[in-house]
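*Asks:* below are the sequence and a predicted model for it; my questions follow.
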Amino acid sequence: MGRFRVDALLVDSAETAVAAEAASSLGLPTVCLVHEFAQNLTPQQADGLLSNADLLVFSSHVQRESFISTEIDLASKSLVLAQGKCAVPEKRDAQGAAALHAEIERKRREGVFLCIGCGYIHPRKGVDLFIAAAAKLKKWRVPARFLWVGDGFLPSSDPLVSLWLKDQIQRSGLQEVVTILPAVGGEALQRLYDEADAMFLSSRLDPLPNVAIDAMHAGLPVVCFDRAGGVAEAFRDDDLLRTLVAPYYDIDAAAEMLVALARDVGLRNRMAVRLRALAAERFDMGRYATEIERLLRVTAKSKET
């Protein structure tokens, strides 16, 4: 086995904060990509991360602000840099892909508005809010289907989250409106973005989810909450896209935007053009990787002096 000199360390997420601590003890320059809000970490994790990394790279300003209440001087050791679009790996799950295909074909037959949500089933993802928005559209007699795609929906073995989501769907009378399917990858996921009419990013907190970046590259309108992550920040400077941002936790406002999208194909088409342009400008993985490499070199150089 060969031996290599380590010039700097790139720490990807707070889950690897222990590596930053080890690097700090050895005097190695460390750049950490922070993909969490401070609220997602224990005080020990946050302190270890902030104390040991030489440079912290956050994906959104609101996420960076969540760490500012600490005693660490972030102004001198952090910046905000949104990541680019990742390649989505294939997932060998023929059953899941077939189930998704069936849902898409059903949407085509019925000609209804299809709103999607994506992500692992977790309270932070706001799947209950996604279901609540579906209930609003049903109440307002808007023909729509709501499809959540993500692993972790286990009502028979998860009494803390999944069981209650299933109960919410049943008590709201949404069995024919809301469907939750396992995660898919690659071509199946891309087809989902292409066939859907909108995404509802219902997360309570989500720095900058890859699924939202994928959706924007596909021209899919992403309704989201203000102050909940980086997607709302990306829309802030565009008068049209800004209308996709609902006040934090305001289900009525989010549902009203979904209704507007459901009733106006022209609006969806105009947004698609803006979203693709925005995604190409802000979420380019090549540029992101090049900038991270530059930051590693600069950080390593600063440690030499």
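*Replies:* Arrived safely.

*Asks:* select the longest helix from the protein.
*Replies:* helix 285-304 (DSSP state H).

*Asks:* how many residues are close by residue 251?
*Replies:* Look at residue 251: counted by other C-beta atoms under 10 Å, it has 19 neighbours. From N, CA and C alone the C-beta is placed, and that goes for glycine too.

*Asks:* how about it, what does it touch?
*Replies:* 129, 132, 133, 136 (C-beta atoms under 8 Å, 6 or more residues apart in numbering).

*Asks:* then residue 41?
*Replies:* Taking C-beta under 8 Å, 6+ apart as the criterion, residue 41 is in contact with 14, 49.

*Asks:* equivalent analysis for residue 122, please.
*Replies:* 152, 161.

*Asks:* what's the separation between it and residue 94?
*Replies:* Taking C-beta to C-beta, to the nearest Å as the measure, residue 122 falls 26 Å from residue 94.

*Asks:* now residue 226
*Replies:* Taking C-beta to C-beta, one finds residue 226 at 40 Å from residue 94.

*Asks:* higher neighbour count, the two?
*Replies:* Under the criterion of other C-beta under 10 Å, the comparison of residue 226 against residue 94 puts residue 226 first, with 19 against 9.

*Asks:* assess the claim that that one and residue 242 are in contact.
*Replies:* No. Using C-beta atoms under 8 Å, residue 226 is not in contact with residue 242, being 9.7 Å away.

*Asks:* about what we covered before: reformat the contacts of residue 251 as a markdown table; add neighbour count, pLDDT and distance to residue 51.
*Replies:* Output for the contacts of residue 251, formatted as a markdown table (neighbours: other C-beta atoms under 10 Å; pLDDT from 0 to 100; distance: C-beta to C-beta, whole Å):
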| residue | neighbour count | pLDDT | distance to residue 51 |
| --- | --- | --- | --- |
| 129 | 19 | 98 | 35 |
| 132 | 18 | 98 | 40 |
| 133 | 28 | 98 | 41 |
| 136 | 17 | 98 | 45 |
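
*Asks:* can you pull out the strands in this structure?
*Replies:* 9-12, 30-34, 55-58, 78-80, 113-118, 144-149, 178-181, 198-201, 222-225, 245-246 (DSSP state E).

*Asks:* minimum distance to residue 101: which of the ones you listed has it?
*Replies:* Closest approach to residue 101 among the strands of the chain (C-beta to C-beta): strand 178-181, 10.5 Å.

*Asks:* any idea of the mean pLDDT for the closest one?
*Replies:* Mean per-residue pLDDT for strand 178-181: 97.

*Asks:* output the contacting helices and strands for it.
*Replies:* Contacts defined by 3 or more C-beta pairs under 8 Å, 6 or more residues apart in numbering; DSSP states H and E place strand 178-181 against helix 94-110, helix 127-139, strand 144-149.

*Asks:* and among those, the most buried is which?
*Replies:* strand 144-149 (a mean of 24; mean count of other C-beta atoms under 10 Å).
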